[in-house]
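Student: Model the structure of this input:
(chains A and B)
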Amino acid sequence: AQSVTQLDSQVPVFEEAPVELRCNYSSSVSVYLFWYVQYPNQGLQLLLKYLSGSTLVKGINGFEAEFNKSQTSFHLRKPSVHISDTAEYFCAAQGDDKIIFGKGTRLHILP
Amino acid sequence: GAGVSQSPRYKVAKRGQDVALRCDPISGHVSLFWYQQALGQGPEFLTYFQNEAQLDKSGLPSDRFFAERPEGSVSTLKIQRTQQEDSAVYLCASSLPGTGGSGANVLTFGAGSRLTVL
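Tutor: Below you'll find the model as predicted:
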């Protein structure tokens, strides 16, 4: 069965510092992987996706993620965060047709 | 339409009432998903349609929950005899399967319907 684990429920980071949000998945079949972002009082929107090909994928707002099959991970990174990145970030995996989400990581930017 | 539209945005129900939540997906999107998001949690899968066929309903928490998409477009999630534990945001998302030549479902979400059961 599919599962997605986000190891950190909340990550505080200083503005302009780098950040990594961790995600691990389990699946018995090949997966497609996604990161979605939910800004305060807004709906979920796609940040980036891995379907195939290059394991390093780039998304909107300067975020990128790396697919690591051997470690079953898909960690999200940004070299320098801004106050506008304050949001909840959800990792998701599709193994058959349905998409399973992690519990989310709240990114808290410190001034 | 330009995006996924959900109504009502907010619904307050008394325990035991029936509620119906509507989702209008992006025109032409074949796949439609329903999720339940409790406060501070990630979206939990409820059910999935491809056109009018309900292909997976394994996430529906009880037989009080029922979803339909009779003409392969608009979908309705119905909750009968609501309980307090049903309080959550119900998210609808649609996708064109096979985005980029793959079988991936890249979801576009609606704003959600927030249900509060008193």
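
Student: May I have the phi/psi pair for residue A:85?
Tutor: phi -80, psi 0 (degrees, to the nearest 10).

Student: okay but it is in contact with residue A:79, surely?
Tutor: No: at 11.7 Å, residue A:85 does not count as touching residue A:79 under the criterion of Cβ atoms under 8 Å. Yep, even glycine has a C-beta here, placed from its N, CA and C like the rest.

Student: Please say which of the two ends up with more neighbours.
Tutor: residue A:85 (20 against 11; other Cβ atoms under 10 Å in any protein chain shown).

Student: Tell me who's in contact with that one.
Tutor: A:19, A:61, A:78, A:107, A:109 (Cβ atoms under 8 Å, 6 or more residues apart in numbering or on different chains).

Student: Run through the residues of chain B sitting next to chain A.
Tutor: B:31, B:33, B:35, B:40-45, B:48, B:50, B:55-56, B:59, B:91, B:93, B:97, B:99-100, B:102-112 (Cβ under 8 Å from any Cβ of the partner chain).

Student: Just the buried ones from the residues you listed?
Tutor: B:31, B:33, B:35, B:42-45, B:48, B:50, B:56, B:59, B:91, B:93, B:104-112 (16 or more other Cβ atoms under 10 Å in any protein chain shown).

Student: is chain B contacted by the helix or strand where residue A:37 lies?
Tutor: Using DSSP states H and E, residue A:37 sits in strand A:32-38. Yes: legend: contact between strand A:32-38 and chain B by Cβ under 8 Å from any Cβ is shown at A:32, A:34, A:36.

Student: and the least confident of those?
Tutor: When these are compared on pLDDT, residue A:32 comes out lowest, with 91.
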